[in-house]
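**Student:** Have a look; sequence and predicted model below, questions after that.
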Amino acid sequence: MTHTQREGKETLRRRASTPIPASHQPGPRGRDPPADLHHPPLCQSASYHPGDKSLHCRANWSSDDSDNDSDGSGAECLYRVVLLGDHGVGKSSLANIFAGIQEKDAHDHTGEDTYEKTMTVDGEETILIVMDTWENEKQEEDEKWVQDYCMQVGNAYVIVYSITDRTSFESASELRIQLRRIRQAENIPIILVGNKSDLVRSREVAVEEGRACAVVFDCKFIETSASLHHNVHELFEGIVRQIRLRRDSKETNERRRSVYKRKESLTKKARRFLDRLVAKNNKKMALKVRAKSCHDLAVL
Ligand SMILES: Nc1nc2c(ncn2[C@@H]2O[C@H](COP(=O)(O)OP(=O)(O)OP(=O)(O)O)[C@@H](O)[C@H]2O)c(=O)[nH]1
């Protein structure tokens, strides 16, 4: 895919159901594992470094792409975000919102589970590929590569549970442990998402439990409602920010943060200031603030 094929801001390309790059297409799903499961290039034009599964950048672009060169490195970056979680927690619903697919049209898109979109966050463009390809059932040994592939290829992960289903919350913790084991040495962004926050009366998992889990597992946390579109854009923007925080220099991130802060509401600013002030004099409070900061997807 060349840059000229891209369609500008907030563009979107829906892909057919398989997430496997053409060069790694296996036979029928569940049969042959991709030739190189551990080092799959993102696309043919991706500059690909063996052993580096963290972040992939495309660099084959023309000079008129300079407006896109956010960090001055001459590279345009795209990232895979993999959705994990039990059946029915709302992964596809979140992916559909990302893709701009209306609920009433969702059935027309059955079979599509990988979406690509150029997002403008804090004034800079990033291409996200969201993969809704996770298969939760216990896999036969020869079919396990689908799960292994998902665990290996993400540049960032969204682990979804439903706040109305405690079992899915427990599964989310297991997935986090699995990810930590498989991607041990890597500092990949992981966001724990409590979805279906609109279903207040059926709630089985308290917000505090989700937050505490995120603190223990050292990841970010947000509650969303795909039905109400609540916090869904914040989630995907947060992923982009988490990726950038790990990818770019402190100075670049500080510059971005000042843009972000300028847009923040006065109330939020005041709350942040007070939290910091109180935490300075109180260790217990400092822990509380840390727990609170797992809610802030714009900081590490
Ligand atoms: N009330 C409410 N319902 C939701 C929400 N998100 C998803 N749902 C509903 O939950 C059901 C399952 O949603 P999906 O998006 O298919 O869940 P999934 O995680 O992709 O499920 P699998 O494809 O089976 O893995 C659907 O009926 C959705 O309409 C939400 O935020 N609130």
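**Tutor:** Okay, I see it. Residues are numbered from 1 along each chain as shown.

**Student:** so Lys117 is in which element?
**Tutor:** Here Lys117 is covered by strand 114-121, with elements defined by DSSP states H and E.

**Student:** for that strand, packing partners?
**Tutor:** In this structure, strand 114-121 packs against strand 12-15, helix 91-99, strand 124-131, helix 232-247, with contacts taken as 3 or more CB pairs under 8 Å, 6 or more residues apart in numbering; DSSP states H and E. Where C-beta positions appear, they are placed from N, C-alpha and C, glycine not excepted.

**Student:** Of all the ones you listed, which one is nearest Asp218?
**Tutor:** Ranking those by proximity to Asp218 (CB to CB) places helix 232-247 first, at 12.3 Å.

**Student:** Now the strand holding Lys117: average pLDDT?
**Tutor:** In this model, strand 114-121 carries a mean pLDDT of 94.

**Student:** and it, which strands flank it?
**Tutor:** Sheet partners assigned to strand 114-121 using DSSP bridges are listed as strand 12-15 (antiparallel), strand 124-131 (antiparallel).

**Student:** Lowest average pLDDT across the ones you listed?
**Tutor:** Note on the strands paired with strand 114-121: lowest mean pLDDT is at strand 12-15, with a mean of 45.

**Student:** ok, and for the longest strand along the chain, which residues are buried?
**Tutor:** Assignment by DSSP state E gives strand 76-85 as the longest strand of the chain. Neighbour counts over strand 76-85 (16 or more other CB atoms under 10 Å) mark 76-85 as buried.

**Student:** How about the residues of this structure by the ligand?
**Tutor:** Counting by CB under 6 Å from any ligand atom, the chain comes close to the ligand at 85, 87-93, 195-196, 198-199, 225-227.

**Student:** Can you flag the buried ones in the residues you listed?
**Tutor:** Burial by neighbour count, judged by 16+ other CB under 10 Å, picks out 85, 89-93, 195-196, 225-226 from these.

**Student:** Need the nearest residue in space to His233, chain neighbours excluded.
**Tutor:** Sequence neighbours aside, Ile97 is the residue nearest to His233 in space, at 7.9 Å (criterion: CB to CB, 6 or more residues apart in numbering).

**Student:** I'd say that neighbour and Ser227 touch.
**Tutor:** No. In this structure, Ile97 is not within contact of Ser227 by CB atoms under 8 Å, at 9.9 Å.

**Student:** on that earlier part again, burial count for the residue nearest to His233?
**Tutor:** Look at Ile97: counted by other CB atoms under 10 Å, it has 20 neighbours.

**Student:** Tell me how far it lies from Ile163.
**Tutor:** Going from Ile97 to Ile163 by CB to CB, to the nearest Å gives 17 Å.

**Student:** Same question for Thr224.
**Tutor:** To Ile163, Thr224 is 10 Å away according to CB to CB.

**Student:** For this structure, which segments are assigned as helices?
**Tutor:** Assigned helices in the chain, in chain order: 91-99, 145-153, 166-182, 207-216, 232-247, 250-263, 266-280, 283-293 (criterion: DSSP state H).

**Student:** any chance of the ones you listed in a markdown table, plus distance to Asp105?
**Tutor:** Shown next, in a markdown table, are the helices of the chain (distance: least, CB to CB, whole Å):
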| stretch | distance to Asp105 |
| --- | --- |
| helix 91-99 | 9 |
| helix 145-153 | 26 |
| helix 166-182 | 26 |
| helix 207-216 | 30 |
| helix 232-247 | 17 |
| helix 250-263 | 31 |
| helix 266-280 | 35 |
| helix 283-293 | 37 |
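
**Student:** from these, which stretch is densest packed?
**Tutor:** Most buried of those by mean neighbour count (mean count of other CB atoms under 10 Å) is helix 91-99; its value is a mean of 23.

**Student:** Packing partners of that one?
**Tutor:** For helix 91-99, the elements it packs on are strand 76-85, strand 114-121, strand 124-131, strand 156-162, strand 190-195, helix 232-247, judged by 3+ CB pairs under 8 Å, 6+ apart.

**Student:** Now distance to Glu170 too, for the ones you listed, in TSV please.
**Tutor:** Putting the helices and strands packed on helix 91-99 into TSV (distance: least, CB to CB, whole Å) gives the following:
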stretch	distance to Glu170
strand 76-85	12
strand 114-121	27
strand 124-131	23
strand 156-162	8
strand 190-195	13
helix 232-247	21
